[in-house]
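Chemist: prediction below, plus the sequence it came from.
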Amino acid sequence: MTATHCQSCGMPLTEEVLGTEATGAKSPDYCHFCYENGAFKQPEMTMEQMIELCVPFMVEGGMAKEQATQIMQQSLPRLLRWQAR
């Protein structure tokens, strides 16, 4: 595994959550929530929409909404998926 976090949503990557390439091989960079069969599940999603999608999960985990939003706004632009845009 090359990435420690999904390069789309920032989720920590473990073997259990890896997405798949078109060949069926595990993706070293993306989780299965974002990436399957070599493609993004929601290819038209914007970075802002990804933040809106992820923040509630972080809040559910005990983080304040403002803190979760700030973390996502700072970290997502550094991920591969969003650098390409």
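Modeler: In hand now; what should we look at? Numbering: from 1, shown residues only.
Chemist: which regions of the protein sit below the pLDDT cut-off?
Modeler: 1-2, 84-85 (pLDDT under 70).
Chemist: which residue ranges of it form strands?
Modeler: Under the criterion DSSP state E, the chain contains strands at 18-20, 26-31, 35-36, 39-40.
Chemist: dump the ones you listed into JSON lines; add mean neighbour count as well.
Modeler: Bear in mind the C-beta positions are built from the backbone N, C-alpha and C, glycine included. Below are the strands of the chain laid out as JSON lines (neighbours: other CB atoms under 10 Å):
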{"stretch": "strand 18-20", "mean neighbour count": "20"}
{"stretch": "strand 26-31", "mean neighbour count": "20"}
{"stretch": "strand 35-36", "mean neighbour count": "19"}
{"stretch": "strand 39-40", "mean neighbour count": "13"}
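Chemist: tell me which of the ones you listed lies nearest to C9.
Modeler: strand 26-31 (6.5 Å; CB to CB).
Chemist: related to what we said a few turns ago, output the strands of the chain in a markdown table; the columns should cover distance to E48.
Modeler: Below are these laid out as a markdown table (distance: least, CB to CB, whole Å):
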| stretch | distance to E48 |
| --- | --- |
| strand 18-20 | 22 |
| strand 26-31 | 19 |
| strand 35-36 | 19 |
| strand 39-40 | 16 |
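Chemist: of all those strands, which lies closest to A3?
Modeler: strand 26-31 (4.7 Å).
Chemist: remind me what the closest one packs against, helices and strands.
Modeler: strand 18-20 (3 or more CB pairs under 8 Å, 6 or more residues apart in numbering; DSSP states H and E).
Chemist: show me what the strand it packs on is packed against.
Modeler: strand 26-31, strand 35-36.
Chemist: neighbouring strands - and their directions - for that strand?
Modeler: According to DSSP bridges, strand 18-20 has the following sheet partners: strand 26-31 (antiparallel).
Chemist: now tell me what touches the strand it pairs with from outside.
Modeler: 1-3, 6-9, 11, 13, 15, 17-21, 35, 40, 80-81 (CB atoms under 8 Å, 6 or more residues apart in numbering).
Chemist: show me what contacts Q83?
Modeler: P77.
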